[in-house]
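Student: attaching a predicted model along with its sequence, questions to come.
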Amino acid sequence: MPEQPVTLIVSDLHVGGGANDPGDDHVSDQVQFSAFVRAQGNTSEGQRGDIELIINGDFLEFAQVRPEVYTLGSSTHWCSEPESLLKLEAILAGHPDIFAALSEFQQKDNRVTIAAGNHDVDLYWPRVQARLREVAGPVAFELGNTCYTRYDGRLVIGHGHMYDPANMFAHWAHPFLTDEFGALRLEMCPGTIFMVKFVNWLEKSYPFADNIKPVTALARILTKEDRWGLVVVGWMLTRFLRRYPKAALGADTEAPKIGERLVQLIAYDPHFAEKITALYRTVRDSQATTETVQQLLTTEEALASFLVDVFVSVSPDEWLPAFDGIGGGTLGIGEKGKTLAIFQSGRIAEKELLRDKATGELMKGRSQVVVFGHTHQPDRVQFADGGMYFNPGSWTRYVDLDQANTLTLNDLRREEDFPYQLNYVRVEADPSDVLTAEMVCYQERIGTR
C-alpha cells in the first residue's frame, strides 16, 4: 500500500477512563484531541485522504485505568487478555469522542496507526486490537520494533521506551509469558511495577506524581520528605537504575548508603527487625523467625529483592509505617528532611539520550527525520548535515526536568499548576525525495510551576 504524502505524529496521550478516573492525565478539558483529529480531516490534505496520523506510543493508559482488574500480584507478569479488555472498555467509555473522531478521519481514506509504548503493551492482544477497530475504524498497529520507518527509511519513528532501562521489555517483539497457572499474560516492565504498586497509591494524595518523568526525578522528590518510608522508595528506584551502565543512562551511579544502613538496622535493632519480619512472613514465609530474617537479609541486594516482593504484594498503607518508625536521623545519612544531598545527581538525561539515539539513526542509510516520544519533554534539533530530530512531548501536563529538583510532594497536589503543550510533528514528502518536517503546537497553557 503506498504511503500517504503527509504524516502527522503525536505521542503520549495517556488516555484513561475520563471524568470518573482520577488517573486520567490526558488533557481533555476542551476535547482537544478529537478536535485536533477532526480539524486535520477538514484540511485540504485530509479531504483528499492524504494523511497518515501516527499515535506514537502510550496512547491508552492501561497501566493506571481500573487497577482493581489486575490481581495477580507479580513483578514479571502483567495483564491477561480479559483483564486488558476490561481496562480498554473503561477507556472507550471515558472518551467516546476520541474514537468516533478517529473513525470519521479514516472514512475519507486517511490512515491511523497506533504504536504500542510501555503504558499500552496491552495493544498486542488480538481481541484488544479487534475491539479498537470496532469503535475507531480500520486502524493499523506498529508492534514489536524499537523503531519503524516511513518513506523508504527517510523517516524513523520510535516511542523511545526501549532505550530506557526502567521501561524497556526483554521481549518486545513478542512480550508474552505464561504464569504459574498456565495462563498467557503480557510481560511487565520494571517501570510498570512502580507505577501500579506505588505511584498509583501516591497520586491519591498527590495527583501529579505520575507525571514526573523519569523515575529518578520522582526519587529525588521523595528523598526530600520527612517520611523515611518514602526515602526508602527513593533508594529502591535509584538502586534499580544503578544496575545499568552510566554511558547508557547519562546518570550518576554513586550509591547512597541507605541500603547499608537498613541492613545494619535489621541486624542490630530488634524493634525494626520485628517489623521487617512481619512483612517477610506476609510475602515470603509465614513461619519465618526474626533470627532467620536477620540471617537472610544481610546484603543490600537481598534487601532490595525482598522489598520488590513487598511492593508487589502489600499496599503502601501497610508497609510504609514499618520504615517511618526509624526516623530522626537513625539512618545516619544527614539531618531529617534534608536527605536530598545523598541523591545530588541520580538524573537520567533522557532528553540527551534520545538525541544521541536520533543522531545514530540519522547516520544510517537514508534517514532524514527522526521522531521519538516517551520523555514528555518537547524537543527539536536541526543538525548541521540537514537531519532533524523531534520529540513532540506529551498531551498531558508535564514538568521540565530542570525544575524537578525544586519540587516537593506538596507541589504535586495541584495538577492545574503545571503547563501543557499539545504538539504534533508534521512530515511531508516531495518528489525530490527530501522530507519537510516541523513541530507544530496545537494548543498550550503556561503553568505556575
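Tutor: Thanks, I have it.

Student: just the element for the residue of the chain most remote from its centre, please.
Tutor: Largest separation from the mean C-alpha position in the chain: Glu291, at 39.3 Å (C-alpha atoms, centre = their mean). If you go by DSSP states H and E, Glu291 is part of helix 290-296.

Student: and for the helix or strand that that helix is followed by, what are the contacting residues?
Tutor: Downstream of helix 290-296, the first helix or strand assigned by DSSP H and E is helix 300-313. Helix 300-313 is contacted from outside by 73-75, 193-194, 197-198, 232, 236, 239-240, 259-260, 262-263, 266, 279-280, 282-284, 296-297, 319, using C-beta atoms under 8 Å, 6 or more residues apart in numbering. Every residue, glycine included, has its C-beta placed from N, CA and C.

Student: now, of these, which are buried?
Tutor: 74-75, 193-194, 197-198, 232, 236, 239-240, 259-260, 262-263, 266, 279-280, 282-283, 296-297, 319 (16 or more other C-beta atoms under 10 Å).

Student: I'd like to know which elements the helix or strand Val427 falls within is packed against.
Tutor: Element membership of Val427, judged by DSSP H and E, is strand 420-429. Judged by 3 or more C-beta pairs under 8 Å, 6 or more residues apart in numbering; DSSP states H and E, the packing partners of strand 420-429 are strand 6-10, helix 32-41, strand 369-371, strand 435-445.

Student: swap the cut-off to 10 Å and go again
Tutor: The contact analysis (3 or more C-beta pairs under 10 Å, 6 or more residues apart in numbering; DSSP states H and E) places strand 420-429 against strand 6-10, helix 32-41, strand 51-56, strand 155-157, strand 369-371, strand 379-382, strand 388-391, strand 435-445.

Student: wait, which of these is closest to Asp411?
Tutor: Taking C-beta to C-beta, strand 435-445 is the member of the helices and strands packed on strand 420-429 nearest to Asp411, at 17.3 Å.

Student: can you give me the angle that closest one makes with helix 32-41?
Tutor: With axes from the mean of the first three to the mean of the last three C-alpha atoms, to 10 degrees as the basis, strand 435-445 and helix 32-41 are set at 140 degrees to each other.

Student: find the helix or strand that Asp97 is a member of.
Tutor: Take DSSP H and E as the rule and Asp97 turns out to sit in helix 96-106.

Student: and that helix, what's buried?
Tutor: By neighbour count on 16+ other C-beta under 10 Å, the buried set for helix 96-106 is Asp97, Ile98, Phe99, Ala100, Ala101, Leu102, Ser103, Glu104, Phe105, Gln106.

Student: so where's the stretch 201-350 of the chain uncertain?
Tutor: 214-216, 238-256, 325-349 (pLDDT under 70).

Student: now with 80, please.
Tutor: 213-220, 222-227, 234-258, 324-350 (pLDDT under 80).

Student: now the helices: where do they sit in it?
Tutor: Counting by DSSP state H, counting those that start in this stretch, one finds helices in the stretch 201-350 of the chain at the ranges 215-222, 228-241, 246-249, 258-268, 270-283, 290-296, 300-313, 316-324, 350-362.

Student: the stretch 1-150 of the chain too?
Tutor: 32-41, 44-48, 81-94, 96-106, 126-136.

Student: output those in CSV; the columns should cover distance to Gln421.
Tutor: As requested, the helices of the stretch 1-150 of the chain are exported to CSV (distance: least, C-beta to C-beta, whole Å):
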stretch, distance to Gln421
helix 32-41, 11
helix 44-48, 23
helix 81-94, 23
helix 96-106, 19
helix 126-136, 25
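
Student: quick check: which of these is nearest to Gln403?
Tutor: Here helix 32-41 is closest among the helices of the stretch 1-150 of the chain (C-beta to C-beta), at 23.6 Å.

Student: by contact count, what packs against that closest one?
Tutor: On a contact count with 3+ C-beta pairs under 10 Å, 6+ apart, helix 32-41 meets strand 6-10, helix 44-48, strand 51-56, helix 96-106, strand 420-429, strand 435-445.

Student: quick one: the fifth one to helix 32-41, angle?
Tutor: Same thing as strand 420-429. Using the same axes, to 10 degrees: strand 420-429 against helix 32-41 is 30 degrees.

Student: paired strands for strand 420-429, with orientation please.
Tutor: strand 6-10 (antiparallel), strand 435-445 (antiparallel) (DSSP bridges).

Student: redo those strands as TSV? Include distance to Asp21.
Tutor: Shown next, in TSV, are those (distance: least, C-beta to C-beta, whole Å):
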stretch	distance to Asp21
strand 6-10	21
strand 435-445	21
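
Student: packed most tightly, which of those would that be?
Tutor: strand 6-10 (a mean of 25; mean count of other C-beta atoms under 10 Å).

Student: on that earlier part again, redo the strands paired with strand 420-429 as a markdown table? Include mean pLDDT and distance to Asp309.
Tutor: Listed next are the strands paired with strand 420-429 as a markdown table, based on pLDDT from 0 to 100; distance: least, C-beta to C-beta, whole Å:
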| stretch | mean pLDDT | distance to Asp309 |
| --- | --- | --- |
| strand 6-10 | 98 | 38 |
| strand 435-445 | 96 | 41 |
